[in-house]
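Asks: model this:
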Amino acid sequence: SPAKTTAAPPTKAPAAKPEPPKAKKPPKLQIAFFQLEVQGLEQKVSTIVSDSILIEMTKLPDTTGIGSKEIDAMLGYEQKKQMAGCTDTSCIVAIGGALGVDMILMGNVGKLGASYVLNVKLLDIKKGTIEAMFNKRLKGGSEEDFLDLVPAALAALFPASAAVWA
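Replies: Model prediction:
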């Protein structure tokens, strides 16, 4: 009769230590940023200052910034047509809802006499309210001064993260 071979009893692997539960990351805050309207200045000023704001917004933790080019790509023809005359908060909130964002950052740059002005506001889409505003008038100076205002404007709009622009 054939000899029976007995397999060695399986060796027990040491019990794996349970991994601590991973803290759930808060969902990223999505902010749509509309290019600044321009008043009394060349369009290039708005484009350059808007680009600077969008780049500086990348310093916000757990936040995704969506710029004008992305917004245009996301909105359909009808929504773009409606947006053209959109200035009041309720209209802007509706566009924010269509984009699926949490907040909208918008404003304008302008020149009046010898003064340069930067106005920006942050709208909360769910609440339908203005969360924060920044307004700064520069007497004299030049268009370049807008670039120096960008960090201060964002620090004022996002006080919890102001240190990233200090």
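
Asks: and the closest residue to Leu147 other than its chain neighbours, how many residues sit next to it?
Replies: Nearest non-adjacent residue to Leu147, counting by Cβ to Cβ, 6 or more residues apart in numbering: Ser52, 5.6 Å away. From N, CA and C alone the C-beta is placed, and that goes for glycine too. Around Ser52 there are 17 other residues, counting by other Cβ atoms under 10 Å.

Asks: does Gly128 really touch Val93, like I thought?
Replies: Yes. Using Cβ atoms under 8 Å, Gly128 is in contact with Val93, at 4.8 Å.

Asks: returning to what we had before: for the residue nearest to Leu147, what are its contacts?
Replies: Going by Cβ atoms under 8 Å, 6 or more residues apart in numbering, Ser52 touches Phe146, Leu147, Val150.

Asks: That one looks like it's in a helix, true?
Replies: Yes. Remark: Ser52 belongs to a helix, assigned using DSSP: H, G, I helix; E, B strand; the rest coil.

Asks: just use 24 as the starting number from now, easier for me
Replies: Happy to do that; since the first residue is 24 now, the last one works out to Ser75.

Asks: Which pLDDT value belongs to it?
Replies: The score at Ser75 is 95. That number is its pLDDT.

Asks: the helices in this structure, which residues?
Replies: 66-80, 91-97, 100-107, 112-122, 168-180 (DSSP state H).
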